[in-house]
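Give the three-dimensional model of this entry:
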Amino acid sequence: MITLKSKREIELMTRAGAVLKQVFENVKPAVTVGVTTRDLDKIAEETILNAGAEIAFKGYRGFPATCCISVNEEVVHGIPSDRKLCEGDLVSVDVGASVEGYFSDAARTWPVGKIDKQRKHLMDTARDSLKAGLSAYKPGCRIGDLSAAIEQLIKSRGFEVVREYVGHGIGKKIHEDPQVPNYGKSGYGPRIEPGLVLAIEPMVTEGHYAVETLKDGWTVVTKDRKWASHHEETIVFTEKGFICLTGEIS
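Model (predicted):
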């Protein structure tokens, strides 16, 4: 069931989103050669707790860390570890927080040192496709209108979009209805109404979109082991348009 959020609920989710903005501000400078993904996770955890918010992911369905940190061919749900980042890596940090029981959820992909043009293009496409999806929004449109615009941008740049993992509604739970695919047809899906809050999260691949889960039960990788990029924002839709609660899209 899709639930539209009240002004008070959106205020709490905005506060949770502000915590995630601070997480990214603190974690991004630490993305350097030789740092471990566990080090990055610790920075995120301390930031959330110091802000008086609650960690969304740790313990969720048994996940053992604050962030999902995925490197290179890892698409999503990577478990932080003692793995050290290397020059030229791409690292995706996906994190959630809650304030008084209301959640926000966001992800960024960053380069480690210098990366080649192809990988920068991949990274930029994930972010730009989310912007393209939101540019398709107009009052009364449907989720499929956003999904189609996201897919069109990604494919126009020669990349593919993961199909097994999609965006979602968000509020009192980290995952709520409706699902938000990053592919599809315009004119389909639930109508977007004022008060709807969505976590929209394109996952873009260099090669085929097929993925598989590693033996740890969490880490999702591309089957062809080509690289991926992930960008996510929590977006609230209003009578006048939309507001990004987590940072970079306006």
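
from memory Thr238 sits against Ile192, does it?
No - taking contacts as Cβ atoms under 8 Å, Thr238 lies outside contact range of Ile192: 10.6 Å. Heads up, the C-betas are built off the backbone N, CA and C, glycines and all.

Neighbour count for these two, which is higher?
Between Thr238 and Ile192, counted using other Cβ atoms under 10 Å, the more crowded position is Ile192 (23 against 12).

Need the pLDDT of the more buried one.
pLDDT for Ile192: 97.

next one: Ser6
For Ser6, the model assigns a pLDDT of 97.

try the one 3 residues further on
Listed pLDDT for Glu9 reads 98.

Could you identify the helix or strand that succeeds the host helix or strand of it?
Element membership for Glu9, per DSSP states H and E: helix 7-27. Per DSSP H and E, helix 7-27 leads on to helix 37-50 as the next helix or strand towards the C-terminus.

list the helices and strands that following helix packs on?
Packing partners of helix 37-50 (3 or more Cβ pairs under 8 Å, 6 or more residues apart in numbering; DSSP states H and E): helix 7-27, strand 54-55, strand 67-71, strand 90-99.

returning to that earlier point: next one: the helix holding Glu9 to chain centre, how far?
14 Å (Cα atoms, centre = their mean, to the nearest Å).

which of the residues in it are buried?
9-10, 12-24, 27 (16 or more other Cβ atoms under 10 Å).

ends of stretch 149-168, how far apart?
17 Å (Cα to Cα, to the nearest Å).

Residues contacting it, please?
The contact list for stretch 149-168 (Cβ atoms under 8 Å, 6 or more residues apart in numbering) reads 75-76, 121-122, 125, 128-130, 132-133, 135-136, 175-184, 186, 198-209, 211, 220, 228, 232.

Report the separation between the residue positioned nearest the centre of the chain and Val204.
Nearest residue to the geometric centre of the chain (Cα atoms, centre = their mean): Glu232, 2.6 Å. Glu232 sits 12 Å away from Val204, going by Cβ to Cβ, to the nearest Å.

Now for the two: what residues contact both?
By Cβ under 8 Å, 6+ apart, no residue touches both Glu232 and Val204.

ok so, going back, what's near enough to touch the residue nearest to the centre of the chain?
Glu232 neighbours (Cβ under 8 Å, 6+ apart): 94, 105-107, 130, 167, 199-202, 246.

Now secondary structure too, for those residues, in TSV please.
Output for the contacts of Glu232, formatted as TSV (DSSP: H, G, I helix; E, B strand; the rest coil):
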residue	secondary structure
Asp94	strand
Asp105	strand
Ala106	strand
Ala107	strand
Leu130	helix
Gly167	strand
Ala199	strand
Ile200	strand
Glu201	coil
Pro202	coil
Thr246	coil
